[in-house]
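[1] Below are the sequence and a predicted model for it; my questions follow.
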Amino acid sequence: MTADLAIVLALLVVAVVLFARGRPSMDAVALMVIVALPLTGIVSVPEALAGFADQSVILIAALFVVGDALVRTGVAGALGALIARAAGGSELRLIVLLMLAVAGLGAFMSSTGVVAIFIPIVLRIARTMRLPPGHLMMPLSMAALISGMMTLVATPPNMVVNAELIRRGHDGFGFFAFTPFGLPVLVLAVAYMLLVRRFLPGSGLAGGPAARPGLKDWVDEYGLAAREARLRIDATSDLLGHRLGELDLRASAGINIIAIERAGRLARRLIRPEAATELVAGDILLIDIVAKTFDLDAFRRTHRLSGLPLSGSYFVDGADEIGMAEAIVPPDSGLAGLTPVTSRFRTARGLTVIGIKRGPMAIEGSLADVVFQPGDTLLLAGDWKAIRRLGDATADLVLLDLPREADDYAPARRHAPFAVAILVAMIAAMASGILANAHAALLACLAMGAFGCTDMKSAYRAISWPTLILIVGMLPFALALERTGGVDLVASAVAGTFGDAQPRIMLAVLFAATALLGLFVSNTATAVLMAPVALAVAADIGASPYPFAMTVALAASTAFMTPVSSPVNTLVVGPGGYRFADFVRLGTPFAVVALLVAVLLVPLLMPF
């Protein structure tokens, strides 16, 4: 062992120990590595910083943006709701469906990309089902890694091994040559995750109501139940052609119009009620009944309106477009001494005051003439855009709280068809190889912006910079280990020590060596280094090269054991609340399971 190799190994040990301790943060440790390696003289400063231009890093950053666009357009929420609905409230069924969906998609595109896209989906599911995210993130990452064992194009190591076979004059693997090995591993992984989920972070949590209130909580707290109605304006209604400002329904009838459903080109949409809004046939009024004396049936008959059924409590079913917020009137507020009418509250802010609490109790009856006092808590309703602006508003109001449903607001919902089309095109480009993965993802980002699915501010905010720094910081280790002879030392030791062993034992040794090497360098680099070793060993013992090549490819996807052994794991550390030890404790046993599957199954389907 050379002095340079000893230095690199010492730095690697220090980094792993700091990762395991959890202090300082993983991205801070990665920055230390970037600074320390050039000081050894083994790698230069440009080489230590080269990770910032690495295609995998660019790919991950771009896919964060794509994933955020899917959230902003509501696609992620719809997919999450579909999976959650299919799960039927069962955590066991949810884990099964999630892992199958991720592995299926990952078989045709980058596993890192799949994880980046699914993280916001899984977080939404966790909120909806009131599960700790840690219960779902590790199954997500494990399924994504196993997806690399499904098809030839699922992960770069498969293509590296295939290229090495062809370079040496052998036929390459077929597109689905990996599937017979990946499917059993996936089935075992699903069963394993179901067994160990109680040991995942957050398992001791009660899973009760979240700390933040929901819309239904406020409906009960402010006594809003039975105050809502949906009325459609028929062709004979005397309200047709009138502007809301002329009708003044709050004063004349004792009702607030929360929103208006109006037919669009593709679907119905909600529009905000304003004084200048003119009513047309087919409009559906979502009204809040504030006057106790209001007679809904009489109002409907008088103005020739059709009553429509309600599907939720106080429009909670429309939470994707109609929201609520609590705000307090501060002591120096210009609203003090005014009423909702005299303050022109809805005209100025686009929101309707639907509840007022003075102290712990909500004021009952009509609120039109209630005078605002300092300390009053107002419950406001309206579209989410207006509610979001409330946080940046004047000193007249202080935003107190937003409901849980605010996290699921999709501001670009109308652009969802474009987001889906762009996602499909990106996956097709990646799966077919027409474009490099990073190139396809960057084009998808530009398309998402061009079609209004995201904007620059949201795109920059969507990228997890600590995750990228962590990946960049670990990349120079691969170069340092190769340059100091560490990788060649391992490969030579494997071939020299076990070259005469039984073929199955040799497969186990190759699998273990590949998996262990993958803890410190990327799985692609591991495949590049170990594929020649595997084929050389096969030639030395006069065996078929295919089982040895397949074993290396499968082992390169067995990166379950640490959070830094694959970008797939790194991505879920923060959202899942994991520590370094969680991957060691739960990933290592399953890596052994994958080894056993490979050693037992590969020779059966690919004889020596």
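    Right, received. Where do you want to start?
[2] So for stretch 458-468, mean pLDDT?
    In this model, stretch 458-468 has a mean pLDDT of 78.
[3] ditto for stretch 348-356
    When pLDDT is averaged along stretch 348-356, the result is 84.
[4] Show me which positions of it end up buried.
    Within stretch 348-356, the residues that qualify as buried are 349-356, counting by 16 or more other CB atoms under 10 Å. Just so you know, the C-beta spots here come from the backbone N, C-alpha and C atoms, and that holds for glycine as well.
[5] can I see the domain layout of this structure?
    Partitioning the chain according to automatic domain parsing yields domains covering residues 8-205+465-605, 215-318, 322-404.
[6] Mean neighbour count, those domains: which tops it?
    Of all the domains of the chain, domain 8-205+465-605 has the most neighbours on average by mean count of other CB atoms under 10 Å, namely a mean of 20.
[7] For the stretch 201-350 of the chain, just list every one of the helices.
    215-221, 244-247, 249-253, 296-302, 345-349 (DSSP state H, counting those that start in this stretch).
[8] which one of these lies closest to Ile469?
    Closest to Ile469 of the helices of the stretch 201-350 of the chain, according to CB to CB: helix 215-221, at 38.0 Å.
[9] then the closest one to CSV, C-alphas only?
    Only the C-alpha atoms of helix 215-221 are listed here, as CSV (Å, rounded to 0.1, in the frame of the first residue of the first chain):
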residue,chain,number,x,y,z
LEU,A,215,-60.3,22.8,6.6
LYS,A,216,-62.7,20.4,8.3
ASP,A,217,-61.3,21.4,11.7
TRP,A,218,-62.1,25.0,11.0
VAL,A,219,-65.6,24.2,9.6
ASP,A,220,-66.4,22.6,13.0
GLU,A,221,-64.6,25.3,15.1
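[10] Widest-spaced pair of the buried residues of stretch 348-356?
    Across the buried residues of stretch 348-356, the longest distance by CB to CB is 18.4 Å; it joins Gly350 and Ile356.
[11] The helix of greatest length in the chain - contacts with which helices or strands?
    Longest helix of the chain, by residue count under DSSP state H: helix 580-605. Using 3 or more CB pairs under 8 Å, 6 or more residues apart in numbering; DSSP states H and E, the elements in contact with helix 580-605 are helix 3-21, helix 134-147, helix 179-196, helix 503-517, helix 545-556.
[12] and these, which one's lowest on average pLDDT?
    For these, where the average pLDDT is lowest is helix 3-21, sitting at a mean of 78.
[13] picking that back up, next one: the longest helix of the chain to chain centre, how far?
    Relative to its chain's centre, helix 580-605 lies at 27 Å (CA atoms, centre = their mean, to the nearest Å).
[14] what does stretch 345-362 give?
    The answer for stretch 345-362 is 34 Å, by CA atoms, centre = their mean.
[15] List of residues touching that stretch?
    With CB atoms under 8 Å, 6 or more residues apart in numbering as the test, stretch 345-362 has contacts from 218, 221-224, 256-258, 272-275, 288, 290, 324-325, 335, 340, 363, 367, 370, 372-373, 375-383, 385-387, 389-390, 393.
[16] Stretch 581-593 too?
    Residues external to stretch 581-593 that are found in contact with it (CB under 8 Å, 6+ apart): 20, 138, 142, 185, 188-189, 192, 196, 199-201, 515, 558, 560-563, 565, 569.
[17] And the average pLDDT for that stretch is what?
    The average pLDDT within stretch 581-593 is 88.
[18] cool, stretch 162-177 as well?
    81.
[19] One more: stretch 294-303?
    The pLDDT scores in stretch 294-303 average 86.
[20] let's have the chain start at 37 instead
    Okay, residue one is now 37; in that scheme the one you just asked about reads as stretch 330-339.
[21] neighbouring contacts of that stretch?
    With contacts defined as CB under 8 Å, 6+ apart, stretch 330-339 is touched by 265, 267, 273-275, 289-291, 325, 341-343.
[22] between the domains of the chain, which gets nearest to Ala455?
    domain 44-241+501-641 (4.2 Å).
[23] Quote the end-to-end distance of the closest one.
    End-to-end distance of domain 44-241+501-641: 40 Å, with CA to CA, to the nearest Å as the criterion.
[24] of all the contacts of stretch 330-339, which comes closest to Leu283?
    Closest approach to Leu283 among these (CB to CB): Leu275, at 6.8 Å.
[25] Check the gap between that closest one and Asp368 for me.
    Per CB to CB, to the nearest Å, Leu275 is found 41 Å from Asp368.
[26] do Arg519 as well
    Taken as CB to CB, the span from Arg519 to Asp368 is 66 Å.
[27] can you check Arg286 too?
    28 Å.
[28] now do Val65
    To Asp368, Val65 is 48 Å away according to CB to CB.
[29] same deal with Gly125?
    48 Å.
[30] Thr520 now?
    For Thr520, the distance to Asp368 equals 67 Å [CB to CB].
[31] Quick check, pLDDT for Asn292.
    At Asn292, pLDDT is 80.
[32] Please name the residues that touch it.
    Counting by CB under 8 Å, 6+ apart, Asn292 makes contact with 285-286, 323-324, 326, 388, 390.
[33] Let's see that with 7 Å instead.
    286, 323-324, 326, 388, 390 (CB atoms under 7 Å, 6 or more residues apart in numbering).
[34] so, if you compare those, which one comes nearest to Ser80?
    Nearest member of the contacts of Asn292 to Ser80, counting by CB to CB, is Thr388, at 63.0 Å.
[35] coming back round to it: any chance of the helices and strands packed on helix 616-641 in JSON lines, with distance to Ala483 too?
    Formatted as JSON lines, those follow (distance: least, CB to CB, whole Å):
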{"stretch": "helix 39-57", "distance to Ala483": "37"}
{"stretch": "helix 170-183", "distance to Ala483": "24"}
{"stretch": "helix 215-232", "distance to Ala483": "31"}
{"stretch": "helix 539-553", "distance to Ala483": "38"}
{"stretch": "helix 581-592", "distance to Ala483": "32"}
